[in-house]
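>>> Starting from these lines, generate the structure:
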Amino acid sequence: MSQKALKYDIKVMEKGRVELQVPFSPGSHVTVFVVEQSKDIFNDLLDASQSNLDFWDNPFDDEDWNNA
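Numbering: from 1, shown residues only. Here you go, the predicted model:
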């Protein structure tokens, strides 16, 4: 079973209320994690660390390193 993960950047409204719309059918069960967004200067580094690793899947580079 595959699960779809969604990320929403939203602001907390009065009385701690948040609202969002999700692409799931009414009655679907979902799990919600709430994490306060950090305002530190390392957000770009965090985003980069979570990015796609396809850069490293390079057959030309692999061939060079394997024959080194």
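>>> C-alpha from now on. contacts and neighbour counts both.
OK.
>>> just for this structure, where's the confidence low?
Within the chain, the ranges that satisfy pLDDT under 70 run 51, 53, 68.
>>> let's see it at 80
Along the chain, the model assigns pLDDT under 80 to residues 1-2, 37-68.
>>> Can you list the neighbours in contact with stretch 16-33?
Defining contact as C-alpha atoms under 8 Å, 6 or more residues apart in numbering, one finds that stretch 16-33 is touched by 10-12.
>>> can you rerun that using 7 Å?
Stretch 16-33 is contacted by residues 11-12 when judged by C-alpha atoms under 7 Å, 6 or more residues apart in numbering.
>>> what's the offset of that stretch from the middle of its chain?
17 Å (C-alpha atoms, centre = their mean, to the nearest Å).
>>> for stretch 54-65, same thing?
25 Å.
>>> Flag every buried residue along it.
Of the residues in stretch 54-65, none count as buried by neighbour count, 16 or more other C-alpha atoms under 10 Å.
>>> Let's see it as CSV, backbone CA atoms only.
Output of stretch 54-65 as CSV, limited to C-alpha atoms (Å, rounded to 0.1, in the frame of the first residue of the first chain):
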residue,chain,number,x,y,z
ASP,A,54,19.2,11.4,-8.6
PHE,A,55,22.2,13.6,-8.9
TRP,A,56,24.3,10.7,-7.6
ASP,A,57,22.8,8.2,-10.1
ASN,A,58,25.0,9.0,-13.0
PRO,A,59,26.2,6.1,-15.2
PHE,A,60,29.1,8.2,-16.7
ASP,A,61,30.5,9.1,-13.3
ASP,A,62,30.0,5.5,-12.1
GLU,A,63,32.0,4.2,-15.1
ASP,A,64,34.9,6.7,-14.4
TRP,A,65,35.0,5.8,-10.7
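>>> Helices of this protein, start to end?
For the chain, the helices defined by DSSP state H occupy 43-49, 59-66.
>>> any chance of the ones you listed in CSV, with distance to Arg17 too?
Below are those laid out as CSV (distance: least, C-alpha to C-alpha, whole Å):
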stretch, distance to Arg17
helix 43-49, 25
helix 59-66, 49
